[in-house]
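Visitor: Provided below are the primary sequence and the corresponding predicted coordinates.
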Amino acid sequence: MDDSFDEDCDYLFKAVLIGDSAVGKSNLLSRFSKNEFRLDSKPTIGVEFAYRNIRVGDKLIKAQIWDTAGQERFRAITSSYYRGALGALLVYDITRQKTFENVKKWLKELREFGNPEMVVVLVGNKSDLGQSSREVNEEDGKGLAEKEGLCFMETSALENLNVEEAFLNMVTKIHEITIQKNLQAKLLVANDQYQTPTSLKSKQIIHIDSDHEVSATKHTGYCCST
């Protein structure tokens, strides 16, 4: 890990937090970026974002995490919010069944406006509240994640349980995909040197901006190890 912002980063990855209002998105972000938690956290108005530098292998990655209000009246910012995002934490509250039911609505929005290769982690937050308050079983969260091709993890921003792991799984997977795309692009360039102009016309070229985002191509979902 490296929280210094003065070093040159190898990659800048944008990721977003989505989910219903009051599921704990802002506290997950503040716990991850500043190791802080506020019991009196107020609803997010519009968009806020924070940075965190992360070292993956020998690469330094700056994760830019965007947090938005879950209320419907702020959804006009949707398209710009998702633009360029390579990852998402889709958060629900394990003590409120409705927030889990709305996950499918958020997935629909994500797939309409987001990169089709986006790494998505389904997060059941507020696991500290215990079984007596729980309305969504962990098995239900896992089942939905498997069905939709998502990563899955239960977290507690209050107790700092699995918060780091959820974000790091997402960032690490984005990094793996980016490296794979870079390798594919290099192989295409190498192969093109031996192609005739006619054969080049039928070849798909993948364009990469390795410091910011990977061009979108259709791919199946990814699942992080938990």
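Guide: Cool, got the structure. Numbering: from 1, shown residues only.
Visitor: Report the separation between K105 and L17.
Guide: 16 Å (CB to CB, to the nearest Å). Using the backbone N, CA and C atoms, a C-beta is placed for each residue, glycine as well.
Visitor: The two: who's more crowded?
Guide: Ranked by neighbour count (other CB atoms under 10 Å), K105 and L17 place L17 first, with 25 against 10.
Visitor: Just say helix, strand or coil for the more buried one.
Guide: Counting by DSSP: H, G, I helix; E, B strand; the rest coil, the backbone at L17 sits in strand.
Visitor: where does this structure dip in pLDDT?
Guide: Across the chain, the stretches falling below the confidence threshold (pLDDT under 70) are 1-7, 40-47, 69-77, 192-226.
Visitor: Mind jotting down where the helices sit in this protein?
Guide: Applying DSSP state H to the chain gives helices spanning 25-34, 78-82, 97-101, 103-113, 138-148, 163-192, 197-200.
Visitor: do you know which of those helices lies nearest K62?
Guide: helix 163-192 (9.9 Å; CB to CB).
Visitor: May I see the buried residues of the closest one?
Guide: 163-164, 166-175, 177-178, 181, 185 (16 or more other CB atoms under 10 Å).
Visitor: That helix to helix 25-34, inter-axis angle?
Guide: 70 degrees (axes from the mean of the first three to the mean of the last three CA atoms, to 10 degrees).
Visitor: quick one: contacts of stretch 128-145?
Guide: Contacting residues not belonging to stretch 128-145 are listed as 92, 94-97, 100, 103, 122, 124, 150-152, 154, 156, 158-159, 161, 223 [CB atoms under 8 Å, 6 or more residues apart in numbering].
Visitor: Mind listing what's buried along that stretch?
Guide: Of the residues in stretch 128-145, those buried (16+ other CB under 10 Å) are 134, 136, 141-142, 144-145.
Visitor: can you dump the C-alpha coordinates of stretch 57-71 into PDB?
Guide: Extracted in PDB, the C-alpha atoms of stretch 57-71 (Å, rounded to 0.1, in the frame of the first residue of the first chain):
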ATOM      1  CA  GLY A  57       2.900  -6.000  -7.600                       C
ATOM      2  CA  ASP A  58       5.400  -3.500  -8.900                       C
ATOM      3  CA  LYS A  59       2.800  -1.100 -10.200                       C
ATOM      4  CA  LEU A  60       1.400   2.000  -8.400                       C
ATOM      5  CA  ILE A  61      -2.300   2.500  -9.100                       C
ATOM      6  CA  LYS A  62      -4.300   5.600  -8.200                       C
ATOM      7  CA  ALA A  63      -7.900   4.500  -7.500                       C
ATOM      8  CA  GLN A  64     -10.400   7.400  -8.100                       C
ATOM      9  CA  ILE A  65     -13.600   6.300  -6.300                       C
ATOM     10  CA  TRP A  66     -16.800   8.300  -7.100                       C
ATOM     11  CA  ASP A  67     -19.800   8.300  -4.600                       C
ATOM     12  CA  THR A  68     -23.200   9.500  -5.700                       C
ATOM     13  CA  ALA A  69     -26.500  10.100  -4.000                       C
ATOM     14  CA  GLY A  70     -28.900   7.100  -4.100                       C
ATOM     15  CA  GLN A  71     -32.000   9.300  -4.300                       C
END
